[in-house]
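Colleague: A predicted structure for the sequence below; I have some questions about it.
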Amino acid sequence: MAKITYIEHNGKSHVVEVPKELTVMEGAVQNNIPGIDADCGGSCACATCHVYVDDKWFDKLPKKENAEQDMLDMAFKPNRFSRLGCQITVTDKLDGLVVKTPLKQA
Amino acid sequence: MVKTDVLIIGAGPVGLFVVQQLGLIGLKAEVVDNLNKIGGQCIELYPDKPIYDIPALPECTGESLTKNLLEQIKPFKTNFYLNERVQEISKEKNNWKIVTSKDKIFIAPNIIIAGGVGSFEPRKFPIEEAEKFENNGIYYSISDKNYFKNKKICIFGGGDSALDWAIELSKFAEIILVHRRKEFRGVGHNAEIVRKLEKEGKLKIKTPFQINSIEGQDKISAITIKDDDGKTEKITTDCVLGFFGLIMKLGPIAEWGLNLEKKHIPVNTENFQTNKKGIFAIGDICTYPGKLKLILSGFHEGALAARACFKLARPNEKYRFEFTTTSKSMHERLGVKKID
Ligand SMILES: Cc1cc2nc3c(=O)[nH]c(=O)nc-3n(C[C@H](O)[C@H](O)[C@H](O)COP(=O)(O)OP(=O)(O)OC[C@H]3O[C@@H](n4cnc5c(N)ncnc54)[C@H](O)[C@@H]3O)c2cc1C
Ligand code: FES
């Protein structure tokens, strides 16, 4: 389990325990956290699981693969801290991770 | 106006297979899809990627699966209405009246919604002013390229559509290509060609920038773009093209009075009927306890929904369960030769 904080665009925050091996996207969907659509079910094909990773955490995540980088081009208002939630797998190292969800996903 | 037994919304794999299931039991279907091509997610999102879990097909791709499904429904000579969104539905005696975005009207006792996660629509610019200028300076697709002759155009995007159009329109218009990062992702040589055109002074490239604002009263006069550090730059321009791929939007389906659970339509698993008689939902768009978003599951759902459609389309006939191997009437419908 890792504790993950999801902060909605309006500032409301949700702290949940996400089991290892799930993704940051699945952690949100399974806990009914608003702001993540995940239309393609995690296959890196929709960019509607877009999150902004807290700047203190961004460099601690495993690097993006090309497919994720390409998909992020289509996300709603991406910035340099943007990641796709479905491409971040939860590990012990991510205990305490903080991500913000965008105003909307499209 | 077209009269039919079943109107199918969505030409994804599940919509295609249900055409076959309907055809076998003698029902005629018409298919409407907002995409410009047949195949749904398989063709739009992953035409070249492999699929390994279609029964009896050890491996196929999104594209080959679509091709085979089309081959399988060839005998039924089905009409497809592409680039058309189903917009409204209303009850008319024992039928449903269905109206599309091109004002085409269908009359049918049954509607099968095989709409996936919704209809594929272009992704738009994330700023409010963009809506005001849509189709009047802001475009997400091009129908007549001559319109852009000698204009000053900003093209946003880093994929093939953006690069293709930047290359093409640079022949007769002034192009600035804007992308949020330095790398372009177009396949093949497109990225190299664009860089070469930039060197030759035939187009300009601005990276890493995104749109920040649009200025103008009745028409666009200028835009500003912004980089990750917040640095902005103003560009005077006549029009702006955005190519950010497609997104699936539930859209009008949400307004038909159907029960919805988180963008999905709950169904009765006996026949995949929704809360409205004669409206069925199958494939990714439907939900029920244990639902799996697999093509395989959508095929099963279609087989059951098709039988339920029979009851409403042929109220005076009795439905008989038959196998394709041995049914004479099915052989006739398939146009296969009689084997004695
Ligand atoms: C990358 C990726 C890999 C996948 N791999 C597999 C796999 O290996 N095995 C597997 O079983 N599944 C896989 N899937 C899932 C599979 O593609 C879907 O389950 C399947 O496409 C669902 O089919 P469908 O016909 O229900 O809907 P879709 O394929 O989503 O098609 C729905 C169609 O309906 C249209 N539509 C919706 N609303 C309207 C409207 N109002 N008017 C007109 N048209 C409308 C849309 O434009 C769309 O074309 C994968 C998905 C992705 C993204
Ligand atoms: S869920 Fe579609 S890209 Fe992550």
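Modeller: Sure thing, it's come through. As the structure is a computational prediction, the values presented were derived from the model and not from experiment. Ligands and ions are numbered 1, 2, ... in the order given.

Colleague: name the residues of chain A found near ligand 1, please.
Modeller: For chain A, the residues in contact with ligand 1 (Cβ under 6 Å from any ligand atom) are A:Cys40, A:Ser43, A:Ala45. In short, each C-beta sits where N, CA and C put it, glycine included.

Colleague: OK, contacts around the last one?
Modeller: Taking Cβ atoms under 8 Å, 6 or more residues apart in numbering or on different chains as the criterion, A:Ala45 is in contact with A:Met71, B:Gln41, B:Leu45, B:Tyr46.

Colleague: mind listing the strands for the stretch 101-250 of chain B?
Modeller: According to DSSP state E, counting those that start in this stretch, the stretch 101-250 of chain B carries its strands in the segments B:105-108, B:110-113, B:119-122, B:138-139, B:152-156, B:174-178, B:204-206, B:210-215, B:222-226, B:232-236, B:239-242, B:246-249.

Colleague: state the mean pLDDT of stretch B:266-280.
Modeller: When the per-residue pLDDT values of stretch B:266-280 are averaged, the result is 98.

Colleague: for it, buried residues please.
Modeller: Residues B:Pro266, B:Val267, B:Phe272, B:Gln273, B:Thr274, B:Lys276, B:Gly278, B:Ile279, B:Phe280 are the ones in stretch B:266-280 that count as buried (16 or more other Cβ atoms under 10 Å in any protein chain shown).

Colleague: show the end-to-end separation of that stretch, please.
Modeller: When the termini of stretch B:266-280 are compared using Cα to Cα, to the nearest Å, they are 10 Å apart.

Colleague: contacts made by stretch A:10-21 with the rest, please.
Modeller: Contact partners of stretch A:10-21, identified using Cβ under 8 Å, 6+ apart, comprise A:1-8, A:24, A:26-27, A:31, A:33, A:89-92.

Colleague: now do the helices in chain A.
Modeller: Counting by DSSP state H, chain A has these helices, from start to end: A:24-30, A:55-58, A:66-72.

Colleague: now those as CSV including mean pLDDT?
Modeller: As requested, the helices of chain A are arranged in CSV below (pLDDT from 0 to 100):
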stretch, mean pLDDT
helix A:24-30, 96
helix A:55-58, 96
helix A:66-72, 93
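
Colleague: which stretch among those helices comes nearest B:Glu215?
Modeller: Shortest distance between B:Glu215 and these, using Cβ to Cβ, is found for helix A:66-72: 27.5 Å.

Colleague: which residue packs closest to whichever residue of chain B sits closest to ligand 2, ignoring adjacent ones?
Modeller: Nearest residue of chain B to ligand 2 (Cβ to the nearest ligand atom) works out as B:Leu45 at 9.3 Å. If you skip the residues right next to it in sequence, B:Leu45 has A:Ala45 as its closest partner in space, 4.5 Å away by Cβ to Cβ, 6 or more residues apart in numbering or on different chains.

Colleague: check B:Tyr139 too.
Modeller: B:Leu241 (5.2 Å).

Colleague: can I get the residues of chain A next to ligand 1 in CSV with pLDDT and distance to A:Lys100?
Modeller: CSV is the format used below for those (pLDDT from 0 to 100; distance: Cβ to Cβ, whole Å):
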residue, pLDDT, distance to A:Lys100
A:Cys40, 92, 21
A:Ser43, 94, 23
A:Ala45, 94, 23
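
Colleague: what's the closest of those residues to ligand 2?
Modeller: Distance to ligand 2 across the residues of chain A next to ligand 1 (Cβ to the nearest ligand atom) is lowest for A:Cys40, with 3.5 Å.

Colleague: list the contacts of the closest one.
Modeller: When contacts are counted by Cβ under 8 Å, 6+ apart, A:Cys40 touches A:Cys46, A:Thr48, A:Cys86, B:Gln41, B:Leu45, B:Val117.

Colleague: now render the residues you listed as a markdown table, adding pLDDT and neighbour count.
Modeller: Written out in a markdown table, the entries for those read as follows (pLDDT from 0 to 100; neighbours: other Cβ atoms under 10 Å in any protein chain shown):
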| residue | pLDDT | neighbour count |
| --- | --- | --- |
| A:Cys46 | 94 | 27 |
| A:Thr48 | 96 | 25 |
| A:Cys86 | 97 | 28 |
| B:Gln41 | 96 | 26 |
| B:Leu45 | 92 | 20 |
| B:Val117 | 92 | 25 |
